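K.L.:
Coordinates for the following, if possible.
(chains A and B)
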Amino acid sequence: MAKVLLIEDDSETAEEITAELTDRGFEVEWSSNGVDGLDKARSLRPDAMIVDRLLPGMDGLTVIEALRKENDRTPVLVLSALGAVDDRVRGLRMGGDDYLTKPFAVVELIARIEALLRRPVESRETTLQVGPVTLDLIERTAMRGERKIDLLPREFRLLEYMMRRSDQLLTRAMLLEEVWNYKFVPATNLVDVHMGRLRHKVDGPDETPMIHNVRGAGFILRSLS
Amino acid sequence: MLQVQFIRSNTFRWALAVAAVLAVFIIALFGFIYVKIDHYLIERSDRMIMTQADFIASLPPEHRVRAIQDHLDQDSRKVQFAGLFDPAGNPLAGNLERVPDALRVDAPAQSVKAAQNGRGLVDPLIRAVGRRLPNGDALVVGRNVDETAEISHVVGEALALGLLPALCLCLLAGAWLSLRAQRRVDEVNQHVQRIIAANLSVRLPHRDVDEPFSRLAVIVNGMLDEMETMFHALSGVGNDIAHDLRTPLTRARLALERGRTNATTVEKLQQVVDKAIAGIDQSLAIITALLRLAEIENSRRSAAFGDVVLQEMLREVYDVYEPIAEDKQIRLSVQAAGQIEVRGDRDLLFEAVANLVDNAIKFTPTGGNVEIGLVRGDKQTIVRVSDTGPGIGQQETEAVLRRFYRSDKIRNTPGFGLGLNLVSAIVTLHGFQLLIHPGSGGCVEIVCPDRPKD
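P.N.:
Alright, predicted model coming up:
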């Protein structure tokens, strides 16, 4: 059971988040200010942390900075009402691993925490394999079993991202940030359309579907094991 | 207060400086004149005594005493000195007691102290020339050059008469100019205070365009124009925001209220909650978009500017939107060649063009065309997004840039009318121009003027 430390000063928000996480099988510790939070981080050694930026005592980013100085590499998700691009950049630069602005959908929070906990190992391998799909990272080609999949560069990047995080829920926001490097949210259903095309190419007519659309949440690449 | 400001004012200080330089220059000039005249007079005197000495020396010995006598008799001003001495140095004629001690004989004229014969006065400094005569006698002819003292008096008077008035004039002019400048500044200040306190539409008066204060007034007026525009925009926005946020929030509330009384099953309640969440999400999206807009409009992000290769960026927009266009059976194409670069924030420029393409695809009916183009104009580069949709009416070209404005033609498409605002804000931040061409078939251009070579 993964242990998550939540440092959030608004008790109602904290209660909601704790309830959701607990429902999904996480063990949650809560601290309501920066100083106590830092203390708990050092003593409890959680598997992941959710840190609000605006805290009494010591602000969230300072807590993260302190931990990083002690060579603590615990993955941290920064929560903040400050949503400007510069704020996001700052949050990540100060040591945060991901940044989520309030208000957020719970599904988004959960997906990102899971992604942090199962950070893909950046291996030096030149091929990726998930189920019957293999990716040659040097040649930039993809195969499903014996069938060659013809992909455009962006589609390849999207598939690679999903394969490195197979069986994890990937929200549209995460995909936009990581695969398209968008710092804004476009009005149209960009992700859906591209995902539709990719799905069409990867899941052939008689093949078991691997790319799934989770209604209201995002997408999952299932490894069919 | 006025006094202190006056003395400290730059204009007055400049006047003082000019006066000082003038004084130094005049003194130097007069000094030069004095020295030149002095030299001239001395040279002239020297020539005279040389001539006199040569003349006396040329005379036969027995006439020399007589000549010296005559020479001294003719001297009414008592400035001449002469003396004839035997080889032993005893005086034979003239008004000198002995050969002046420092005098070098048979040399050019020198300044020496004359030992006077029977005058009972202080030995004056004279210019003298000495000659050794063939018979062994020594001849000395000299002249008192105290006249130069008179010259320096005259020069001094001229200096005083001329210099002092000149300096006073300079200072007075400086004082007057300083006061004048001060008064202009006070005027402008009063005006500006009044404008800020009460009426933003008043402007500073200015007369001829070349005078620096008039130029300043023109600049301040320009600033006030902009401020006025912004204030109006801001006061308008408050209303816009309130209205546009209230609509989705009201919808959410209504749904919840109805659901509270009418929903009989959990399923129905869940539907109600979904509607409410949708309404709230829409409000949040509007707020986020507005904040984004504000962030860009107030941004100093020009620090993050770099060189952006337009072709690459436009091709990327094409790549991203091509599937979406295809989905709607719209033909998207990009026409961009060459290596044109502009200075800017790549992400923001991408967002701007993406927004335009997004709009074009949204508002063009199935089967239409959207084209992304890059052309070079006269000292400018133009990014053009055109489509075969309904376009924007002549009267609407200004209105579309108002927040939340949505033309009737596209009322049924999703969006809240902030897209063009965002594009406009980004374009303004970069110092570019946004041109919206009216007519059927949308055509929006971002005009990027060439950077001046620096």
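K.L.:
all strands in the chain, in order from the N-terminus.
P.N.:
No chain was given, so I picked chain A. Along chain A, counting by DSSP state E, strands occupy A:3-7, A:27-31, A:48-52, A:76-80, A:98-101, A:127-130, A:133-136, A:141-144, A:147-149, A:170-171, A:211-214, A:218-221.
K.L.:
I was after chain B.
P.N.:
Using DSSP E, strands in chain B cover B:80-85, B:91-94, B:110-113, B:125-132, B:138-144, B:306-309, B:331-335, B:341-344, B:369-377, B:380-387, B:433-437, B:443-449.
K.L.:
With mean neighbour count and mean pLDDT as added columns, please give the ones you listed in a markdown table.
P.N.:
For every residue, glycine as well, the C-beta is placed using N, CA and C. Shown next, in a markdown table, are the strands of chain B (neighbours: other Cβ atoms under 10 Å in any protein chain shown; pLDDT from 0 to 100):
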| stretch | mean neighbour count | mean pLDDT |
| --- | --- | --- |
| strand B:80-85 | 24 | 86 |
| strand B:91-94 | 19 | 84 |
| strand B:110-113 | 17 | 74 |
| strand B:125-132 | 21 | 84 |
| strand B:138-144 | 25 | 86 |
| strand B:306-309 | 13 | 89 |
| strand B:331-335 | 16 | 92 |
| strand B:341-344 | 19 | 89 |
| strand B:369-377 | 17 | 91 |
| strand B:380-387 | 20 | 92 |
| strand B:433-437 | 16 | 89 |
| strand B:443-449 | 20 | 91 |
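K.L.:
In a markdown table: these, plus distance to chain A.
P.N.:
Output for those, formatted as a markdown table (distance: least, Cβ to the nearest Cβ, whole Å):
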| stretch | distance to chain A |
| --- | --- |
| strand B:80-85 | 97 |
| strand B:91-94 | 104 |
| strand B:110-113 | 86 |
| strand B:125-132 | 87 |
| strand B:138-144 | 91 |
| strand B:306-309 | 15 |
| strand B:331-335 | 12 |
| strand B:341-344 | 15 |
| strand B:369-377 | 13 |
| strand B:380-387 | 15 |
| strand B:433-437 | 18 |
| strand B:443-449 | 16 |
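K.L.:
of all those, which lies closest to A:Val214?
P.N.:
strand B:331-335 (29.3 Å; Cβ to Cβ).
K.L.:
partners of that closest one, with directions?
P.N.:
strand B:369-377 (parallel) (DSSP bridges).
K.L.:
contact partners of the strand it pairs with?
P.N.:
Contacting residues not belonging to strand B:369-377 are listed as B:310-311, B:314, B:317-318, B:325, B:330-338, B:340, B:353, B:357, B:360-361, B:364, B:381-388, B:447 [Cβ atoms under 8 Å, 6 or more residues apart in numbering or on different chains].
K.L.:
ok, B:Leu163 - contacts?
P.N.:
Contacts of B:Leu163 by Cβ under 8 Å, 6+ apart are B:Ala23, B:Ile26, B:Ile27.
K.L.:
What about those, which are in helices?
P.N.:
B:Ala23, B:Ile26, B:Ile27 (DSSP state H).
K.L.:
Run through the residues of the stretch 251-400 of chain B sitting next to chain A.
P.N.:
B:284-285, B:288, B:291-292, B:295, B:301, B:319-321, B:323-324, B:327, B:347, B:351, B:354-355, B:358, B:361-362 (Cβ under 8 Å from any Cβ of the partner chain).
K.L.:
Tell me the buried residues within those.
P.N.:
Neighbour counting with 16 or more other Cβ atoms under 10 Å in any protein chain shown marks B:284, B:288, B:292, B:295, B:301, B:320-321, B:323-324, B:347, B:351, B:354-355, B:358, B:361-362 as buried within those.
K.L.:
can I see the domain layout of the chain?
P.N.:
No chain was given, so I picked chain A. With domains defined by automatic domain parsing, chain A comprises A:3-117, A:127-221.
K.L.:
wait, chain B
P.N.:
Using automatic domain parsing, chain B is parsed into the domains B:212-297, B:301-449.
K.L.:
Determine which stretch of these is the most buried.
P.N.:
Greatest average neighbour count among these goes to domain B:301-449 (a mean of 18), per mean count of other Cβ atoms under 10 Å in any protein chain shown.
K.L.:
all helices of chain A, in order?
P.N.:
A:11-23, A:34-44, A:60-69, A:85-93, A:106-117, A:153-164, A:172-178, A:190-202.
K.L.:
just the angle between the fourth one and strand A:76-80, please?
P.N.:
Using axes from the mean of the first three to the mean of the last three Cα atoms, to 10 degrees, one finds that helix A:85-93 and strand A:76-80 are set 150 degrees apart in direction.
K.L.:
quick check, helix A:85-93 touching chain B?
P.N.:
Yes - judged by Cβ under 8 Å from any Cβ, helix A:85-93 and chain B are in contact via A:Val85, A:Asp86.
K.L.:
do the first one as well
P.N.:
No - looking at helix A:11-23 against chain B by Cβ under 8 Å from any Cβ, there are no contacts, and the closest approach is 14.3 Å.
K.L.:
Remind me what that helix packs against, helices and strands.
P.N.:
Taking 3 or more Cβ pairs under 8 Å, 6 or more residues apart in numbering or on different chains; DSSP states H and E as contact, the helices and strands that helix A:11-23 lies on are strand A:3-7, strand A:27-31, helix A:106-117.
K.L.:
What's the mean pLDDT across the last one?
P.N.:
Put plainly, it is helix A:106-117. Across helix A:106-117, pLDDT averages out at 90.
K.L.:
That one to strand A:48-52, inter-axis angle?
P.N.:
130 degrees.
K.L.:
what's the offset of helix A:106-117 from the middle of its chain?
P.N.:
Relative to its chain's centre, helix A:106-117 lies at 5 Å (Cα atoms, centre = their mean, to the nearest Å).
K.L.:
quick one on the thing from earlier: looking at the contacts of B:Leu163, which is nearest chain A?
P.N.:
The closest of the contacts of B:Leu163 to chain A turns out to be B:Ala23 (Cβ to the nearest Cβ; 59.6 Å).
K.L.:
any idea how far B:Gly162 is from the closest one?
P.N.:
Counting by Cβ to Cβ, to the nearest Å, the separation of B:Ala23 from B:Gly162 is 11 Å.
K.L.:
can you check A:Asp206 too?
P.N.:
Counting by Cβ to Cβ - A:Asp206 and B:Gly162 are separated by 114 Å.
K.L.:
ok, these two, which is more surrounded?
P.N.:
Neighbour count, other Cβ atoms under 10 Å in any protein chain shown: between A:Asp206 and B:Gly162, B:Gly162 has more, with 13 against 5.
K.L.:
Thanks a lot, see you next time.
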